[in-house]
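Trainee: Sequence first, predicted coordinates after that:
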Amino acid sequence: MAVTQRRGRRIMMTPDELDAFLTAERTCRVATVSPDGAPHISTLWFAWDGTSLWLYSVTRSKRWADLRKDPRVAVVVDAGEEYGELRGVELSGTVEFVGEVPRMGDPCPELDAPERLFARKVFGIDAMPHDGRHAWLRLTPDAVASWDFRKLADLPVPPA
């Protein structure tokens with residue numbers, strides 16, 4: 001994945017930092033566009049495989065309906081409380097629907113790795129439980145922007 005950020009280079013994450021951040025964080029915010037053009041934002045858990053963000057979404061949700069009509073999406077993963085701790089990543093592009101809908105656990109080699117990552121990260125187990133209500137979305141981002149305000153502490157303060 002290429003980092004496409006042009007602004008804020010001093011605080012952007014390196015590829016290794018970005019990978020570590022997305023691997024460790026659990027929650028993201030997903031922005032979709034409704035058929036009437038209105039934005040819709042919802043929260044999901046996710047897994048990161050080093051290239052793609054895997055979203056396990058309820059198939060009877062506004063998010064799912066929006067993405068069926070328009071698969072463009074923007075996703076934000078962020079952390080930190082105080083200004084100097086803020087860090088995050090925005091990923092945008094087009095989602096792909098992967099596997100059966102809803103997911104019942106039928107063999108799907110393409111989902112072996114993301115389901116293992118997700119099950120370990122979210123549930124602390126090695127095998128993905130399937131409830132027949134969710135299905136997989138894969139976002140391989142077209143654009144990525146990141147920030148890590150903790151890097152501001154290392155920058156020299158310009159003279160007054």
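Mentor: Nice, thanks for sending it over.

Trainee: For stretch 81-100, list the C-alpha coordinates in PDB.
Mentor: Coordinates of each C-alpha in stretch 81-100 appear next as PDB, following Å, rounded to 0.1, in the frame of the first residue of the first chain:
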ATOM      1  CA  GLU A  81      -7.400  11.800  24.300                       C
ATOM      2  CA  GLU A  82      -5.200  14.800  24.700                       C
ATOM      3  CA  TYR A  83      -4.100  16.900  21.700                       C
ATOM      4  CA  GLY A  84      -0.500  15.700  21.800                       C
ATOM      5  CA  GLU A  85      -1.600  12.100  21.800                       C
ATOM      6  CA  LEU A  86      -3.900  12.100  18.800                       C
ATOM      7  CA  ARG A  87      -3.100   9.700  16.000                       C
ATOM      8  CA  GLY A  88      -5.100   8.100  13.300                       C
ATOM      9  CA  VAL A  89      -5.600   6.900   9.700                       C
ATOM     10  CA  GLU A  90      -8.200   7.700   7.100                       C
ATOM     11  CA  LEU A  91      -8.600   5.100   4.300                       C
ATOM     12  CA  SER A  92     -10.800   5.600   1.300                       C
ATOM     13  CA  GLY A  93     -11.800   3.700  -1.700                       C
ATOM     14  CA  THR A  94     -14.300   1.100  -2.900                       C
ATOM     15  CA  VAL A  95     -15.300  -1.900  -0.900                       C
ATOM     16  CA  GLU A  96     -15.700  -5.400  -2.300                       C
ATOM     17  CA  PHE A  97     -18.100  -8.000  -1.000                       C
ATOM     18  CA  VAL A  98     -16.300 -11.200  -0.200                       C
ATOM     19  CA  GLY A  99     -17.900 -14.600   0.600                       C
ATOM     20  CA  GLU A 100     -21.400 -15.600   1.200                       C
END
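
Trainee: low-scoring stretches of this structure, by residue?
Mentor: Residues of the chain that meet the criterion pLDDT under 70 lie in 1-8, 154-160.

Trainee: where exactly do the strands run in it?
Mentor: 27-33, 39-48, 53-58, 72-79, 87-98, 134-139, 143-148 (DSSP state E).

Trainee: would TSV of these with mean neighbour count and distance to Asp112 be doable?
Mentor: (C-beta placed from N, C-alpha, C; glycine too.) TSV is the format used below for the strands of the chain (neighbours: other C-beta atoms under 10 Å; distance: least, C-beta to C-beta, whole Å):
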stretch	mean neighbour count	distance to Asp112
strand 27-33	19	22
strand 39-48	17	12
strand 53-58	22	12
strand 72-79	18	23
strand 87-98	19	11
strand 134-139	22	12
strand 143-148	20	25
